[in-house]
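Enquirer: Model the structure of this input:
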Amino acid sequence: MTKRHFVSYSNPSSEIAEQFRTIRTNIQFSSIDIQHKTLIITSPSSNEGKTTSAINLAISISQQGERVLLIDANLRKPKLHISFNLKESYGLTDVLMGRLPLEEAVFQTQIGKLEVLTSGIIPPNPTEIIGSKAMSYFLKDIKEEYDTVIFDCPPVLETTDTKLLAGQCDGVIMVLKSGKTDREKAVEANRLLHLVRAKVLGVILNEKE
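Expert: The predicted model follows:
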């Protein structure tokens, strides 16, 4: 567990924490008529800071008193279990395959009303699982259980998983890294998301290291 991953919790008065509160507010006011309950955090390519962004946004929303579920939907290279020190845990794949009910698979954090669902066992067929009917039913169920659900998803340009899920969720936030993200890749990722009728709510621009 690193301080950087949890800066919105460990240092709520910091400039970074304030930025995530601003992002939270922008999401809430991005549409008057639609409540964005299921959000996807993704990036064009790897190592652009999307997991850190997903964690801090989830913390920021939970600090408002909302019940938030943060899900690791990266079934190829999951990272949330490392950030929360949950190396041996059940997760999303176990719930979707009917091995365990959601309430037994989630991890209750000590941060507000934030709960975490790790990826679970890495499957040989992640695309089929993400695009399954079980996932569609799961999305309907969690909308009733939680105020906000945040999916930490794989990079858009590296798998089809994120595009499959994006078309079913209320909004997508793209994470770009200053000085690293290729402009053409960012444009292509945005184009692919719009092809599946995903609603791209905005962009989080990470600073240089």
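
Enquirer: For the helix or strand containing residue 103, buried residues please.
Expert: Counting by DSSP states H and E, the element that carries residue 103 is helix 102-105. For helix 102-105, the buried set under the neighbour-count rule, 16 or more other C-beta atoms under 10 Å, comprises 102, 105. In short, each C-beta sits where N, CA and C put it, glycine included.

Enquirer: Was I right to think residue 72 contacts residue 126?
Expert: No - Residue 72 is not in contact with residue 126 according to C-beta atoms under 8 Å; the separation is 11.7 Å.

Enquirer: Between those two, which is the more surrounded one?
Expert: Shown here are residue 72 and residue 126; by other C-beta atoms under 10 Å, residue 72 has more neighbours (26 against 20).

Enquirer: Now do the same contact list for the more buried one.
Expert: Residue 72 makes contact with 78-81, 91-92, 116-119, 152, according to C-beta atoms under 8 Å, 6 or more residues apart in numbering.

Enquirer: Just the ones of these in strands?
Expert: 116-117, 152 (DSSP state E).

Enquirer: Which single one of the contacts of residue 72 is nearest to residue 42?
Expert: residue 152 (8.3 Å; C-beta to C-beta).

Enquirer: which residue sits closest to that closest one, ignoring its sequence neighbours?
Expert: residue 54 (4.1 Å; C-beta to C-beta, 6 or more residues apart in numbering).

Enquirer: Looks to me like that neighbour is in a helix.
Expert: Yes - under DSSP: H, G, I helix; E, B strand; the rest coil, residue 54 sits within a helix.

Enquirer: shouldn't residue 84 be in contact with residue 107?
Expert: Yes - applying C-beta under 8 Å, one finds residue 84 in contact with residue 107, separated by 6.5 Å.

Enquirer: Any chance you could list residues touching both of those two?
Expert: 116, 118.

Enquirer: thinking again about what came up before, so which elements touch the helix holding residue 103?
Expert: Applying 3 or more C-beta pairs under 8 Å, 6 or more residues apart in numbering; DSSP states H and E, we find helix 102-105 packed against helix 92-96, helix 133-145.

Enquirer: Could you rerun that using 10 Å?
Expert: When contacts are defined as 3 or more C-beta pairs under 10 Å, 6 or more residues apart in numbering; DSSP states H and E, helix 102-105 packs onto helix 92-96, strand 114-117, helix 133-145.

Enquirer: ranges for the helices of the protein?
Expert: 7-10, 15-28, 50-62, 80-83, 92-96, 102-105, 126-130, 133-145, 161-166, 183-195 (DSSP state H).

Enquirer: Just name the most buried of these.
Expert: Comparing the helices of the chain by mean neighbour count (mean count of other C-beta atoms under 10 Å), helix 50-62 comes out on top with a mean of 26.

Enquirer: Please could you give me each C-alpha atom of that helix, formatted as PDB?
Expert: Extracted C-alpha coordinates of helix 50-62, given in PDB (Å, rounded to 0.1, in the frame of the first residue of the first chain):
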ATOM      1  CA  LYS A  50      -5.300   4.700 -14.000                       C
ATOM      2  CA  THR A  51      -5.300   2.400 -11.000                       C
ATOM      3  CA  THR A  52      -4.000   5.200  -8.700                       C
ATOM      4  CA  SER A  53      -6.600   7.500 -10.200                       C
ATOM      5  CA  ALA A  54      -9.400   5.000  -9.700                       C
ATOM      6  CA  ILE A  55      -8.400   4.500  -6.000                       C
ATOM      7  CA  ASN A  56      -8.300   8.200  -5.200                       C
ATOM      8  CA  LEU A  57     -11.500   9.000  -7.000                       C
ATOM      9  CA  ALA A  58     -13.200   6.100  -5.200                       C
ATOM     10  CA  ILE A  59     -11.900   7.500  -1.900                       C
ATOM     11  CA  SER A  60     -13.000  11.000  -2.700                       C
ATOM     12  CA  ILE A  61     -16.600   9.900  -3.500                       C
ATOM     13  CA  SER A  62     -16.800   7.700  -0.400                       C
END
